[in-house]
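Undergrad: The following comprises the amino acid sequence and a computationally predicted model.
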Amino acid sequence: MVDWFRRFGDIPSVAYQTPPSVDRRRLRESEAIPEVHVHEFEGKRKEILWWPAKDGGGSASPAHCRAFGNSREASTVELLKNCFEGLELPGQPSDYHFLIQGCASELWKRRRREPEVLDDVEKLCLLDIRLIEAFPDSVRVEFAEEASFFRVESFSLLIELYEREGSLREALDVAERAVRYGQGIEARDRLAERLASVESEDRG
C-alpha cells in the first residue's frame with residue numbers, strides 16, 4: 001500500500017502546526033485525491049499513485065511539484081512561503097522530505113548575506129528529522145536488498161550549524177540520530193571525542 005497524506009500535519013508523530021499566514025482553503029489542489037495504479041516491476045507488485053489534473057495528471061503529487069520547482073531565483077520570503085504552502089498540499093512522505101530539505105539547503109546557501117535565516121534552517125532540519133523518524137520510508141532506497149537510506153542533508157546541515165555555534169551536545173545528538181539511517185558515523189565519533197575532551201578540561 002502506498003502511503004499518502006492530505007497534508008504534512010496529518011502524518012502521525014510529526015507534531016506540526018500550520019503557520020497562521022497559510023490558508024489551506026485558498027491553495028489550488030489542496031483537495032486532490034490520487035488514483036492507485038498497480039504495476040509489475042521485476043516480478044514484484046508495485047502500486048503507483050496517479051494524480052488527476054486538468055492537463056491529464058501524472059505521478060507527481062501537488063507537494064512534489066512544490067518541492068522540485070526552481071527556488072534559486074525566489075526571495076527568502078517566497079522560498080519559505082512555497083515550503084509552508086507545499087506542506088499543506090497532498091503528497092507522499094518523501095515529497096515532504098524533499099520539500100523541507102530543499103528549502104533548508106537553499107537557505108543555508110544564503111546564510112552569509114542573510115544570517116537571520118539560520119533560525120529557519122534549524123527549524124526546518126528538525127522538522128525533517130522528525131518526519132524521517134516517524135516515517136523512515138520517506139528516505140529509504142526502494143528495492144534495495146538490504147535496508148539503506150538516501151543521504152539526508154538535514155542531518156549534516158544541523159550538525160554543522162550546532163558545531164559552529166559550539167553546541168556540541170546538540171550536534172552529537174543529531175549525529176547519533178543520523179547513524180540509525182546509515183550516516184553521520186564520522187561526525188558522531190569526532191563530536192564524541194571533542195565533547196569528552198572539553199568535559200575533561202572543564203573538570204580540570
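TA: On my side now, so go ahead.
Undergrad: what's the neighbour count on residue 61?
TA: Residue 61 has 24 neighbours, counted by other C-beta atoms under 10 Å. Every C-beta, even on glycine, is put in place using the N, C-alpha and C of the backbone.
Undergrad: and stretch 151-164, how far from the chain's centre?
TA: Put simply, stretch 151-164 sits 13 Å off its chain's centre (C-alpha atoms, centre = their mean, to the nearest Å).
Undergrad: Could you give me the buried positions within it?
TA: 152, 153, 154, 155, 156, 157, 158, 159, 161, 162, 163 (16 or more other C-beta atoms under 10 Å).
Undergrad: Out of those, the closest to residue 31 would be?
TA: Closest approach to residue 31 among the buried residues of stretch 151-164 (C-beta to C-beta): residue 154, at 29.1 Å.
Undergrad: now the buried residues of stretch 151-164 in JSON lines, with pLDDT and distance to residue 12?
TA: Shown next, in JSON lines, are the buried residues of stretch 151-164 (pLDDT from 0 to 100; distance: C-beta to C-beta, whole Å):
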{"residue": "152", "pLDDT": "96", "distance to residue 12": "20"}
{"residue": "153", "pLDDT": "97", "distance to residue 12": "24"}
{"residue": "154", "pLDDT": "97", "distance to residue 12": "20"}
{"residue": "155", "pLDDT": "98", "distance to residue 12": "22"}
{"residue": "156", "pLDDT": "97", "distance to residue 12": "26"}
{"residue": "157", "pLDDT": "98", "distance to residue 12": "25"}
{"residue": "158", "pLDDT": "98", "distance to residue 12": "23"}
{"residue": "159", "pLDDT": "98", "distance to residue 12": "26"}
{"residue": "161", "pLDDT": "98", "distance to residue 12": "27"}
{"residue": "162", "pLDDT": "98", "distance to residue 12": "27"}
{"residue": "163", "pLDDT": "95", "distance to residue 12": "31"}
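Undergrad: which SS state does the residue most central in space within the chain fall under?
TA: Centroid check for the chain by C-alpha atoms, centre = their mean gives residue 97 as the closest residue, at 2.9 Å. Three-state call for residue 97 (DSSP: H, G, I helix; E, B strand; the rest coil): helix.
Undergrad: how near is it to residue 91?
TA: 10 Å (C-beta to C-beta, to the nearest Å).
Undergrad: And for residue 154?
TA: Using C-beta to C-beta, residue 154 is found at 17 Å from residue 91.
Undergrad: Give me the contacts around the helix ranked longest in the chain.
TA: Determined from DSSP state H, the single longest helix within the chain is helix 185-203. For helix 185-203, contacts defined as C-beta atoms under 8 Å, 6 or more residues apart in numbering pick out 156, 159, 163, 168, 169, 171, 172, 175, 176, 178, 179.
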